[in-house]
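In: Show me how the following folds:
(one chain, ligands or ions: 1)
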Amino acid sequence: MEQEENHSADHLSAQPGNGNELEESSVKERCFEQREALVGEPRCVICGRYGEYICDQTDDDICSVECKTILLSKLSAETRPVVKAAKRVNLPVGDESFCIRDENFPKIPSMHDGQIASLRSKLDICVKGEDVPDPIMCFSSSGLPEKLVLNLEAAGYVMPTPVQMQVIPSSICNRSLLVSADTGSGKTASFLVPIIAHCSHVRSERCTDKQGPLAIVLAPTRELCLQVEEQAKVLGKGLPFKTALVVGGDPLAQQIYRIENGIELIVGTPGRLIDLLMKHNVDLNKVDVFVLDEVDCLLERGFRDQVMQIFQALSHPQVMMFSATVNSEVEKMSNSLAKNAIHISCGNPSRPNKSVKQVVIWVESKQKKQKIFEIMTSKQHFKPPAVVFVSSRIGADLLSEAITVATGLKVVSIHGDKTMNERRESLRRFLTGEVSVVVCTGVLGRGMDLLKVRQVILFDMPNSIDEYVHQVGRASRMGVEGMAIVFVNEEDRNLFRELVQILKTAGAPIPRELANSKYTTGIPLGGGSGSRILLSMLSFESFFTGSFAKLNATFAQMSSPTK
Ligand SMILES: Nc1ncnc2c1ncn2[C@@H]1O[C@H](COP(=O)(O)OP(=O)(O)OP(=O)(O)O)[C@@H](O)[C@H]1O
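Out: Sure, this is the predicted structure:
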């Protein structure tokens, strides 16, 4: 039977001993990793590629974990009026005819304001501002170049994510934006897609050689810039759209040469871009889109002056600002960059992504190494590839060596003291699976799309809860489940109150020492059912040092669905 030869896409989360022999590494995570279907073979119900797996919940053929996630989210959305309408007239949800274009302004047919509001509320989209454009339901409805839509499809982007649904039309209408959305929810494409559309439109209208940039994206780390530029190249392939990466550690001369030869988009860190602009005359007159990715970080002291300096060199660009953590202070500061910006919020920003289980363990500093060795030598609880966050550069090097010696695992470290080439090479080895653990400082904490990573270990708590949210977010992309193991002790007391609130809201277990700390008092702990059960059941002091039976029981309990 055809379906018996398929493997269940559910087996990623399947329990041992369910008869499923497939190795985890062979499962196609992303749609584009799957091959095309041959004649007579099952086809993925979402993208049409080879339907190698069966979705247990629906019995549909499916090509990858990504398409399964999309299928299930579509099913849960069936109560939404728009999707229902599409099904009634037998249109695929992504069909262009489903959305009607009205003066470049994509409208959902027969949806009045009340229905748009209800759609936004179901998709967890909140908007603030005047004349906010309606969300789109498919990429092809927003007047994007055909080639860009094809590139999106080729990258496996079948439907826009909620943040993309609202940001793309708003950006195309030339509005400045302040966007907060969960980690891993697709913010990068939400600004790259309109940038690419804009650049290729301008270039095909006014085609002259070797022009200055039309858009600038700033991000706080080299790795993030590298990743954003790579994604821009993938999505802009075949269009009049060239990019330049402007980050420290790479030779400046090469970056200048590339810009002189004509590019549309600069992706860079603020410091290096200022350096380049001071040493070289780059025509910024045509830059009409300015993006701040991780805006809260870029508006912190240290970056803020550089960002403002670059902004002042531009002439009234559209400004788009993004982060998973936007507080009221950032909102206020963003006013100096963009008056009347639309504020868009999607999901539960400023909270750890719901798809990540938070396992907070009380560990005294001296015992941290021993604990991490125990985790990494437990077949059941260690889920490589894993990212370990530490607070210092030297700490990253020392811990990576110690893990290698104690466990035999292949480990690299990434931090600001390494050369750019070393950082690139280590990241490449980690992303290709050559090494299974990366120990890093906050350089990989924000924005990094570490696709296969499902486990992060916060060996040292970061300095703020916002950084905690970003670091925990590396364990999940697009709603795929992950786990964050977090070591805390008295040294992290400054964050106790906020941490307890966050764990409570998530229904995550709270270690007894944390719950009873004088720095936590005053916070009622009855909120999350998980915390009530686990507090009464075990002492986190003995977590990992106690018997494996206890360890297993704890994890089993934590493996129950987050929601
Ligand atoms: N419409 C889409 N369909 C399928 N995959 C998508 C879509 N949009 C984005 N992705 C993928 O989702 C993953 C997460 O996207 P992205 O890195 O942009 O998230 P983010 O919101 O910027 O997260 P963070 O706050 O952690 O930086 C990426 O692997 C990206 O390729």
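In: Isn't residue 223 up against residue 427?
Out: Yes: under the criterion of CB atoms under 8 Å, residue 223 is in contact with residue 427, at a separation of 6.3 Å. C-beta: built from backbone N, CA, C; applies to glycine.
In: can I assume residue 32 is in contact with residue 158?
Out: No: Residue 32 is not in contact with residue 158 according to CB under 8 Å; the separation is 10.7 Å.
In: so what sits against both of residue 223 and residue 427?
Out: When contacts are counted by CB atoms under 8 Å, 6 or more residues apart in numbering, the set common to residue 223 and residue 427 consists of 414, 444.
In: give me the number of residues near residue 203?
Out: Other residues lying near residue 203 total 18 when counted by other CB atoms under 10 Å.
In: repeat for residue 233
Out: Counted with other CB under 10 Å, the burial measure for residue 233 works out to 17 neighbours.
In: so it sits in a helix?
Out: Yes: counting by DSSP: H, G, I helix; E, B strand; the rest coil, residue 233 is part of a helix.
In: Distance of it relative to the ligand?
Out: 13 Å (CB to the nearest ligand atom, to the nearest Å).
In: which residue packs closest to residue 420, ignoring adjacent ones?
Out: By the measure of CB to CB, 6 or more residues apart in numbering, the closest residue to residue 420 outside its immediate chain neighbours is residue 249, 2.7 Å from it.
In: Point out the residues in the protein that sit beside the ligand.
Out: Proximity of the chain to the ligand is assessed by CB under 6 Å from any ligand atom, with 156-157, 159-161, 164, 181, 183-189, 324, 447, 449, 451, 473, 477-478 identified as the residues in range.
In: Just the buried subset of those, written out for PyMOL, thanks.
Out: A single PyMOL command selects the buried members of these (16 or more other CB atoms under 10 Å):
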select buried, resi 156+157+159+160+161+164+181+183+184+185+186+187+188+189+324+447+449+451+473+477+478
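In: if you look at the residues of the chain next to the ligand, which of them are in helices?
Out: 164, 187, 188, 189, 473 (DSSP state H).
In: so who does the second one touch?
Out: If you count contacts by CB under 8 Å, 6+ apart, residue 187 has them with 163, 167, 179, 181, 293, 322, 324.
In: Residue 221 contacts residue 443, correct?
Out: Yes: with contact defined as CB under 8 Å, residue 221 and residue 443 form a contacting pair (5.1 Å).
In: hang on, the earlier thing: quick one: secondary structure of the residue nearest to residue 420?
Out: When the structure is split into helix, strand and coil by three-state DSSP, residue 249 lands in coil.
In: Could you report the pLDDT at it?
Out: Here, the pLDDT recorded for residue 249 equals 89.
In: Tell me how many other residues crowd it.
Out: Around residue 249 there are 15 residues (other CB under 10 Å).
In: picking up where we left off before, quick one, which of residue 32 and residue 158 is more surrounded?
Out: For residue 32 against residue 158, the residue with the higher neighbour count under other CB under 10 Å is residue 158, and the figures read 22 against 17.
In: quick one: contacts for that one?
Out: 31, 46, 47, 67, 70, 94.
In: how about a cut-off of 6 Å?
Out: Contacts of residue 158 were listed using CB atoms under 6 Å, 6 or more residues apart in numbering, and they are 46, 47, 70.
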